[in-house]
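J.: make a model of this:
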Amino acid sequence: MHAVVRNYSGKGSKKLIDVIEENKVEVERLIRSVKGFVSYSLVRTTRGGFSVSVYQDKAGTDESIRVARDWISKNAGKTGAAAPTISEGTVILQLK
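T.: Predicted structure coming up:
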């Protein structure tokens with residue numbers, strides 16, 4: 001499995017998280033549609049928020065990065081949020 005963390009902070013990031021929350025049904029449909037979906041979490045922080053996406057392989061996380069970027073550009077571009085800091089890697093332990 002492969003995971004990607006997208007960290008949203010700085011100007012506009014709190015509004016971006018608000019927009020994602022307001023559209024969570026659509027976002028869920030989009031994220032789940034990416035091949036190899038395992039799990040997704042969106043966490044609100046004092047600076048904005050971060051998401052954690054887990055897919056069966058790197059191709060899934062790469063596609064999730066692309067669809068997230070496209071969705072944000074189309075639906076939340078006016079928030080002024082900067083591109084997220086992205087961290088990714090192989091999952092070595094997952095507890096459910």
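J.: show me where pLDDT drops low in this protein?
T.: In the predicted model, the chain carries no residue with pLDDT under 70.
J.: find the centremost residue of it, please.
T.: Among the residues of the chain, the smallest C-alpha distance to the mean C-alpha position (CA atoms, centre = their mean) belongs to residue 51, namely 4.4 Å.
J.: test my guess that that one contacts residue 3.
T.: No: with contact defined as CB atoms under 8 Å, residue 51 does not reach residue 3; the gap is 10.4 Å. Every C-beta, even on glycine, is put in place using the N, C-alpha and C of the backbone.
J.: and the strands in the protein?
T.: Under the criterion DSSP state E, the chain carries strands at the ranges 2-9, 37-44, 48-55, 85-90.
J.: out of the ones you listed, which gets nearest to residue 63?
T.: Among those, the nearest to residue 63 by CB to CB is strand 48-55 (7.9 Å).
J.: so what touches the closest one?
T.: For strand 48-55, the external contacting residues (CB atoms under 8 Å, 6 or more residues apart in numbering) are 1-10, 13-14, 16-17, 20, 31, 34-43, 61, 63-64, 68, 81, 84, 91, 94.
J.: burial count for the closest residue to residue 48 other than its chain neighbours?
T.: Taking CB to CB, 6 or more residues apart in numbering, and ignoring the residues beside it in sequence, residue 48 has residue 13 as its nearest neighbour in space, at 2.9 Å. Neighbours of residue 13 under the rule other CB atoms under 10 Å: 21.
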